[in-house]
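S.K.: Return atomic coordinates for the entry below.
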Amino acid sequence: MSYGVTQWPTRQGVHPADHTPLDVNRRIVATRKGLHQMHIHTPEGMSAVRVERRIGDVSIGAIGLGTQNLSVPGRPERATAIATVHAALDSGVTFFDSSDAYTTEQDGQGHNELLVAEALKRYDGDTSKVILSTKGGLIYRDGAMWIRNGAPAYLKEAAKASLKRIGGDALDLYHFHKKDPNHDFGDSITALRDLLDEGIIKRAGVSNVDLDEILLAQEILDGRLSSIENHFSIGHRGQQAEMEYAAANGIAYLLWGPLGGLGGAASIAERHPALGRISIERGVSPQRVALAWELRQSSTVVPIPGAVSPEQAADSAAASSLVLSDDEVARLDSDTGQDA
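M.R.: Next comes the predicted model:
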């Protein structure tokens, strides 16, 4: 199957989350080596080498799909959204990042979970190794800041509602979406621990967190933290200490906004000249090069770019088989343009 030439519009996966970068002088040694690889067949049927990652006790493709843009305002038609998920699956993607807050006010919480679950059920291939991750703790609002709710009782009920929408015996992975200043962070994580102990969720993660919060989560979860999801891209390189902690402890480090956030993907080569030059030299999209560079940042990084078309999903997935030279990585390391 061929998806043709990739066109990147001005909207690309973005979360309504901010953070304060942690003092990166607190560093833990990590590595860019030790990448697990496997041979796969690309959508065009040609053999390639794909990097894999671990998330908890399972193996996943190193490039996931962030599905937010399939459900929020400006989203594609439902048929296109489902085709986008199917294109990712065809391309070897086995990790999908959802949330009950990826929706509209009219649709209410859970639109994206229902959409992705439907797409997985309608896929005619094997989905037995797919991980559908979701999150709780944010409530969507049109044109306004999303409401945070980290109350333990709310998170438990939200997880159960997500499980009902997605189906199955337990959620594959459940993240606390963002710290709520009105509730103690530790109490929110205790709710995740209870959900693990009760078998409602199989794995627990945290999003938009600093190193102190990660360490607290690990303590409360008795070392069962499976993943961390923070903002990182070639133009947004904060929270290195958090990434390095994840690598040193074998925790998946999920990157949201890996192509620059809102409006960032389409113009990424304009902001990063080295990225543009390498993409021309390689004959691939600059988005693919950016994701391949991110995979070299640590052995547990999992970029989760958004997509609103099958072509975008397939192009992003191909980054897992794009091996950059050390010289290309060094050139990109020195390309200090900022996100849009």
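S.K.: Which positions in the longest helix along the chain come out as buried?
M.R.: In the chain, taking DSSP state H as the definition, the longest helix is helix 152-166. Neighbour counts over helix 152-166 (16 or more other CB atoms under 10 Å) mark Pro152, Tyr154, Leu155, Lys156, Ala158, Ala159, Lys160, Ser162, Leu163, Arg165, Ile166 as buried. The way it works is simple: take the backbone N, C-alpha and C, and place the C-beta from them, glycine included.
S.K.: Who's the closest spatial neighbour of Asp222, skipping the chain neighbours?
M.R.: Nearest residue to Asp222, sequence neighbours excluded (CB to CB, 6 or more residues apart in numbering): Arg193, at 7.3 Å.
S.K.: Give the buried residues for the helix or strand containing the one you found.
M.R.: Under the criterion of DSSP states H and E, Arg193 resides in helix 185-197. For helix 185-197, the neighbour count (16+ other CB under 10 Å) marks Phe185, Ser188, Ile189, Thr190, Ala191, Leu192, Arg193, Leu195, Leu196 as buried.
S.K.: next structured bit after that helix?
M.R.: Using DSSP H and E, the first helix or strand after helix 185-197 is strand 204-207.
S.K.: what does that next one contact?
M.R.: Contacts to strand 204-207, defined as CB atoms under 8 Å, 6 or more residues apart in numbering, come from residues 15, 17, 133, 135, 173-178, 189, 192-193, 195-196, 213-214, 217, 221, 224-230, 252, 254, 256.
S.K.: The same query, at a cut-off of 6 Å, please.
M.R.: Leu173, His175, Phe176, His177, Leu192, Leu196, Ala217, Leu221, Ser226, Ser227, Ile228, Glu229 (CB atoms under 6 Å, 6 or more residues apart in numbering).
S.K.: which parts of stretch 267-287 are buried?
M.R.: Across stretch 267-287, burial judged by 16+ other CB under 10 Å covers 268-269, 271-272, 274-279, 284-287.
S.K.: now it, how far from the centre of its chain.
M.R.: The chain centre lies 22 Å from the centre of stretch 267-287; the measure is CA atoms, centre = their mean, to the nearest Å.
S.K.: And stretch 244-256, by the same measure?
M.R.: Relative to where its chain is centred, stretch 244-256 has its mean C-alpha point 12 Å off (CA atoms, centre = their mean).
S.K.: as a whole number, average confidence for that stretch?
M.R.: Here stretch 244-256 scores 98 as its mean pLDDT.
S.K.: can you list the contacts of strand 204-207 in TSV and add secondary structure and pLDDT?
M.R.: Output for the contacts of strand 204-207, formatted as TSV (DSSP: H, G, I helix; E, B strand; the rest coil; pLDDT from 0 to 100):
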residue	secondary structure	pLDDT
Leu173	strand	98
His175	strand	98
Phe176	strand	98
His177	coil	98
Leu192	helix	98
Leu196	helix	98
Ala217	helix	98
Leu221	coil	98
Ser226	strand	98
Ser227	strand	98
Ile228	strand	98
Glu229	strand	98
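S.K.: Run the angle between the longest helix of the chain and helix 185-197 for me.
M.R.: Relative orientation of helix 152-166 versus helix 185-197 (axes from the mean of the first three to the mean of the last three CA atoms, to 10 degrees): 40 degrees.
S.K.: With only the CA atoms kept, save helix 152-166 in CSV.
M.R.: Taking C-alpha atoms only, helix 152-166 is exported to CSV below (Å, rounded to 0.1, in the frame of the first residue of the first chain):
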residue,chain,number,x,y,z
PRO,A,152,-8.7,10.7,43.8
ALA,A,153,-12.4,9.8,43.6
TYR,A,154,-12.7,11.6,40.3
LEU,A,155,-9.7,9.9,38.7
LYS,A,156,-11.0,6.5,39.8
GLU,A,157,-14.4,7.1,38.2
ALA,A,158,-12.8,8.6,35.1
ALA,A,159,-10.6,5.5,34.7
LYS,A,160,-13.6,3.2,35.0
ALA,A,161,-15.5,5.3,32.4
SER,A,162,-12.5,5.1,30.1
LEU,A,163,-12.4,1.3,30.5
LYS,A,164,-16.1,1.1,29.6
ARG,A,165,-15.6,3.2,26.5
ILE,A,166,-12.5,1.3,25.3
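S.K.: Since that was my last question, I'll sign off now.
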